[in-house]
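Chemist: Show me the folded form of this:
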Amino acid sequence: MLELTEPYLQKAWETSGYNKFTPIQEKTFPIITEGKDIIAESPTGSGKTLAYLLPLIKQIDTNLKNAQVLILAPSHELVMQINQELQSWTKDSGILSATLIGGANVKRQIEKLKKKPQIIIGSPGRVAELVKIKKLKLHQIKTVVLDEVDQLLIPEHQNTIVEIVKSTPKERQLLAFSATLPDTIETQVEKWMNKPELIRVNKMDMDIPEVEHMYLVSEARDKIETLRKIIRILDRKALVFFRDIANLTVMAEKLEYKGIKTSAIHRDQKKQDRERAIKQFRGGDAQVLLATDVAARGLDIKDLEYVIHMDVPLDATQYTHRSGRTGRLGSDGGTVISIVTSGEAKVLKKFGREVKVDLIEKNIYKGKIINK
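Modeler: So this is what the prediction gives:
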């Protein structure tokens, strides 16, 4: 078991709300500390970020003014969230970090690197860009973390990840984490590793809060009205997912017109606009956050009770990641609601069988959501 002997870690533990380590943390701590490579699969909200952060934090040598750990993540939101978690555990430690994401001012990021941070957290494109122009040197990296590795290795990122990994020393440690780990990804990442340990944690191993999964059938043209009714009935914050940016934008305007305070995030926005939208939602200035799947990875809203699918996800994996924004460890559970056409309902049921969740059909009757 990992011992938090350092005063700054003991203090962080006291204020963290944790009373014990989670299964993924217990399983990975000793292996990471031994310097071994890991491929780990564990459900959304199970504490994966801390599973690699804590043992790596303990090994940082603050006397060395160079990058020792590189963490790669697929979205801006996840990069910032990892850094936020890191900051809460390294206060008064002397450990410096830098976040490197596209869309942000590259000159400011270069200035951050001049301060010699020991931990780099970044998105693949910007990290590769700074390596290429020799502003980020990875020759002394001891550990590389691929967070949400299945998303990092999609075709558009794959070559970039390969180039970044090649820029690090051959003897470095490589850790790959994800909530879903297809065999193809596992096989691919193994090629870069030295006898990796494979760790799988499932929901049965954990005390994860109950999440109810339901769906309502609606004509496509009536979905906005169904959503409006649901939001009025719930009277709680809700995260609403869309596949299409244009559809999201139209829905945001319609909800605002109907008097529902709304914010939105999607891939085409500037970093500052996305940060502002999330801040409004977290702070209660917006009741509804509309999002494309850029937010499915790494967006952690404390005590978020409701996730709503306005479009059927592309696959069961995407359903898992979207839905995993609610019912996280330490919460009282959550509810996932899908608004689907009759055709989409068949696809949704197929996903439900694949991820082993019971999907209950509901209706709206006299201002209440009831069983059909």
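Chemist: those helices in this protein, which residues are they?
Modeler: 7-16, 23-33, 48-59, 76-90, 106-114, 124-132, 149-152, 155-166, 183-190, 223-234, 245-257, 271-283, 316-323, 342-355 (DSSP state H).
Chemist: Look at Val250 and say how many residues are nearby.
Modeler: Neighbour count of Val250, defined by other C-beta atoms under 10 Å: 13. To be clear about C-beta, it is placed using only N, CA and C from the backbone, and glycine gets the same treatment.
Chemist: Leu146 now?
Modeler: Per other C-beta under 10 Å, the neighbour tally for Leu146 reads 27.
Chemist: now swap in Val288 and tell me
Modeler: Residues lying near Val288 (other C-beta under 10 Å) number 26.
Chemist: my read: it touches Ile265, true?
Modeler: No: in this structure, Val288 is not within contact of Ile265 by C-beta atoms under 8 Å, at 11.7 Å.
Chemist: Lys366 is nearest to which of the helices of the chain?
Modeler: Lys366 lies closest to helix 223-234 among these, at 10.4 Å (C-beta to C-beta).
Chemist: Pull out the buried positions in that closest one.
Modeler: Of the residues in helix 223-234, 223-224, 226-231, 234 count as buried by neighbour count, 16 or more other C-beta atoms under 10 Å.
Chemist: gap between stretch 266-282 and the chain center?
Modeler: Relative to the mean C-alpha coordinate of its chain, stretch 266-282 is positioned 15 Å out (C-alpha atoms, centre = their mean, to the nearest Å).
Chemist: now could you export just the CA positions of that stretch as PDB?
Modeler: Only the C-alpha atoms of stretch 266-282 are listed here, as PDB (Å, rounded to 0.1, in the frame of the first residue of the first chain):
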ATOM      1  CA  HIS A 266     -17.900  21.900 -28.400                       C
ATOM      2  CA  ARG A 267     -14.600  21.300 -30.300                       C
ATOM      3  CA  ASP A 268     -14.800  24.400 -32.500                       C
ATOM      4  CA  GLN A 269     -14.900  26.800 -29.500                       C
ATOM      5  CA  LYS A 270     -11.900  28.700 -28.200                       C
ATOM      6  CA  LYS A 271     -10.400  27.500 -25.000                       C
ATOM      7  CA  GLN A 272     -11.600  30.600 -23.100                       C
ATOM      8  CA  ASP A 273     -15.200  30.000 -24.300                       C
ATOM      9  CA  ARG A 274     -15.200  26.400 -23.200                       C
ATOM     10  CA  GLU A 275     -13.800  27.300 -19.800                       C
ATOM     11  CA  ARG A 276     -16.400  30.000 -19.300                       C
ATOM     12  CA  ALA A 277     -19.200  27.700 -20.200                       C
ATOM     13  CA  ILE A 278     -18.100  25.000 -17.700                       C
ATOM     14  CA  LYS A 279     -17.600  27.700 -15.000                       C
ATOM     15  CA  GLN A 280     -21.100  28.900 -15.600                       C
ATOM     16  CA  PHE A 281     -22.500  25.400 -15.300                       C
ATOM     17  CA  ARG A 282     -20.500  24.500 -12.200                       C
END
